[in-house]
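Enquirer: Sequence plus predicted model, see below.
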2 protein chains.
Amino acid sequence: MITVALPKGGLLKDSIQLLQSVGLDFSAFLDPANRQLEIWDASRTAKGLLVRNYDVPVYVEYGQAQLGVVGYDILREKQPQVAHLADLQFGHCRMSVAVRASSPYRSALELPPHCRVASKFVNCASEFFNHLDLPVDIVPLYGSVELGPITGMSEAIVDLVATGRTLKDNHLIELDQLFESTARLIAHPLSYRLNSDGLRDRIEQIRAVQ
Amino acid sequence: MITVALPKGGLLKDSIQLLQSVGLDFSAFLDPANRQLEIWDASRTAKGLLVRNYDVPVYVEYGQAQLGVVGYDILREKQPQVAHLADLQFGHCRMSVAVRASSPYRSALELPPHCRVASKFVNCASEFFNHLDLPVDIVPLYGSVELGPITGMSEAIVDLVATGRTLKDNHLIELDQLFESTARLIAHPLSYRLNSDGLRDRIEQIRAVQ
């Protein structure tokens, strides 16, 4: 029996479609009335776990799920001990530095040393500014990061940008891009090495339908 | 001008009622159609910021908001550098250790050493088990912590319990309580000491109406 950790939110629909194309049906998770967090596939050879996108690597790292689908942004931020198996080519977005459009800065290197940068991705932001050799004060936030520059708490933000709509609505512009992100297929390293429950065949099937 | 950071979610309605009773009206935040995260009171002497409950202490710590309303659970977990001013007596809940009802454990001390404990409140959980002198492996999760024991990933959880409904629905029982939590009024320490913009009068008004 294989357990697959699936992320709530924007990546769920595509993740479920992908698994359907290899014969695993977890579409019940898409029913708005569904309250179950754990469901079996009709074949009863696989189980789906519906968890927060941030928690997918945790379930896979601890071996509670052998497979998982998660954004590359989260893998970069948390650096979990999981096997990276495939770029699933959906959930395209980018991690960017943004500032108020009215600010004088047009590249991250122009930001003043020791300025504040608000982010949910504090490790990605630190790593980026360390590489630039620009010391900044990272302000960790959990939501609505765009409020940082709006309220004047921070000069800049580091955040995920998909369509750019949120930035535009808040009169923010992108300065630099840290990296691009897509959904990734990950596995529990030991289960992958031991090929538990025919895990590798499933992975090859997924790779083949991409 | 005073800025008040208000928490999205369960504490919002009571927080807004409290501020209304001292003449500050931020009830527009309760309108489901509202998309603004920053609104002025009609008197234009105060501004409200609508932020994630976890972010309230950040805005207050950095002085972007002089006042804030936040759960004691978050103050315990994050230990921010803010002034604790009043227990607002709403948002009652408790931080508890829970396990599967079918497990043999009936107190936290009976948990096996080096067992796994899933929690969103990793600092509170670590502190509690350190005081018990019981070494455990804290598994940090962002949501649906009850899945820890259900999937077998963790023996126990440390989580906030209000009505107990989520525990019951997932066949979990409380073993021990870490602390009780209610909404608290917090302030930026320097603004409080300097009594910027008549901050202390506002605080006395809030204390008086409680």
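Expert: The structure has been received and is ready for your questions.

Enquirer: need the contact list for the residue nearest to residue A:40 when sequence neighbours are not counted.
Expert: The shortest distance from residue A:40 to any non-neighbouring residue, by CB to CB, 6 or more residues apart in numbering or on different chains, is to residue A:47 (5.5 Å). C-beta coordinates here come from the backbone N, C-alpha and C atoms, glycine included. Residue A:47 is in contact with A:1, A:2, A:3, A:4, A:38, A:39, A:40, A:41, counting by CB atoms under 8 Å, 6 or more residues apart in numbering or on different chains.

Enquirer: Could you do residue A:187 as well?
Expert: So residue A:187 contacts A:60, A:66, A:67, A:68, A:82, A:83, A:85, A:199, A:203 (CB under 8 Å, 6+ apart).

Enquirer: I'd like the distance from the closest residue to the second one other than its chain neighbours to chain B, if you could.
Expert: Going back to what we said before, that points to residue A:66. Spatial nearest neighbour of residue A:66, chain neighbours left out: residue A:191 (4.3 Å); criterion: CB to CB, 6+ apart. Taking CB to the nearest CB, to the nearest Å as the measure, residue A:191 falls 14 Å from chain B.

Enquirer: Next, residue A:191: secondary structure please.
Expert: Using DSSP: H, G, I helix; E, B strand; the rest coil, the structure places residue A:191 in helix.

Enquirer: which residues touch it?
Expert: A:63, A:66, A:197, A:199.

Enquirer: swap in residue A:129?
Expert: Shown in contact with residue A:129 (CB under 8 Å, 6+ apart): A:108, A:117, A:135, A:136, A:138.

Enquirer: Spell out which parts of chain A neighbour chain B.
Expert: Counting by CB under 8 Å from any CB of the partner chain, the residues of chain A close to chain B are A:3, A:8, A:37-38, A:49, A:51-52, A:54-55, A:58-59, A:62, A:64, A:116, A:139-144, A:147, A:150-153.

Enquirer: Recalculate using a threshold of 6 Å.
Expert: Listed as neighbours of chain B in chain A under the rule CB under 6 Å from any CB of the partner chain: A:37, A:52, A:54-55, A:62, A:64, A:141-144, A:147, A:151, A:153.

Enquirer: tell me which of those is nearest to residue B:183?
Expert: Nearest to residue B:183 among the residues of chain A next to chain B is residue A:142, at 17.8 Å by CB to CB.

Enquirer: tell me which element that closest one is part of?
Expert: Residue A:142 belongs to no helix or strand when assigned by DSSP states H and E.

Enquirer: and it, how many residues sit next to it?
Expert: If you count neighbours by other CB atoms under 10 Å in any protein chain shown, residue A:142 ends up with 13.

Enquirer: quick one, strands of chain A?
Expert: Taking DSSP state E as the criterion, chain A carries its strands at A:2-7, A:38-40, A:46-51, A:67-71, A:83-87, A:93-100, A:116-119, A:137-140, A:156-161, A:172-181, A:183-187.

Enquirer: Tell me the strands beside the third one, with direction?
Expert: This means strand A:46-51. Partners of strand A:46-51 in the sheet, by DSSP bridges, are strand A:2-7 (parallel), strand A:38-40 (antiparallel).

Enquirer: State the distance from the residue nearest to the spatial centre of chain A to residue B:165.
Expert: Nearest to the mean C-alpha position of chain A, by CA atoms, centre = their mean, lies residue A:71 at 2.7 Å. Separation of residue A:71 from residue B:165 (CB to CB, to the nearest Å) stands at 31 Å.

Enquirer: next one: phi and psi at the residue sitting furthest away from the middle of chain A?
Expert: Relative to the centre of chain A, and counting by CA atoms, centre = their mean, the farthest-placed residue is residue A:104 at 30.8 Å. Main-chain dihedrals, residue A:104, degrees, to the nearest 10: phi -80, psi 0.

Enquirer: Give me the nearest residue to it, chain neighbours excluded.
Expert: residue A:110 (7.5 Å).

Enquirer: Repeat that for residue A:73.
Expert: Here the residue nearest residue A:73, using CB to CB, 6+ apart, is residue A:181, at 4.3 Å.

Enquirer: residues contacting the one you found?
Expert: A:71, A:72, A:73, A:93 (CB atoms under 6 Å, 6 or more residues apart in numbering or on different chains).

Enquirer: possible to save those residues as TSV with pLDDT?
Expert: Shown next, in TSV, are the contacts of residue A:181 (pLDDT from 0 to 100):
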residue	pLDDT
A:71	98
A:72	98
A:73	98
A:93	98
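
Enquirer: Export those as TSV, with columns for distance to residue A:25.
Expert: Formatted as TSV, the contacts of residue A:181 follow (distance: CB to CB, whole Å):
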residue	distance to residue A:25
A:71	23
A:72	26
A:73	28
A:93	27
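
Enquirer: And these, which two are furthest apart?
Expert: Top of the distance list for those (CB to CB): A:72 and A:93, 9.2 Å.

Enquirer: circling back: please report how far the residue farthest from the centre of chain A lies from chain B.
Expert: 21 Å.

Enquirer: Just give me the neighbour total for residue A:150.
Expert: Using other CB under 10 Å, residue A:150 has 17 other residues around it.

Enquirer: Just give the nearest non-adjacent residue to it, would you?
Expert: residue A:170 (6.1 Å).

Enquirer: In contact with residue A:116, which residues?
Expert: Residue A:116 neighbours (CB under 6 Å, 6+ apart): A:137, A:139, A:154, A:155.

Enquirer: and with 8 Å instead?
Expert: A:136, A:137, A:138, A:139, A:148, A:153, A:154, A:155, A:156, B:62.

Enquirer: List the contacts of the fourth one.
Expert: Right, the one you point to is residue A:139. For residue A:139, the contacting residues are A:116, A:117, A:118, A:119, A:148, A:153, A:154, B:58, B:62, by CB under 8 Å, 6+ apart.

Enquirer: Thanks a lot, see you next time.
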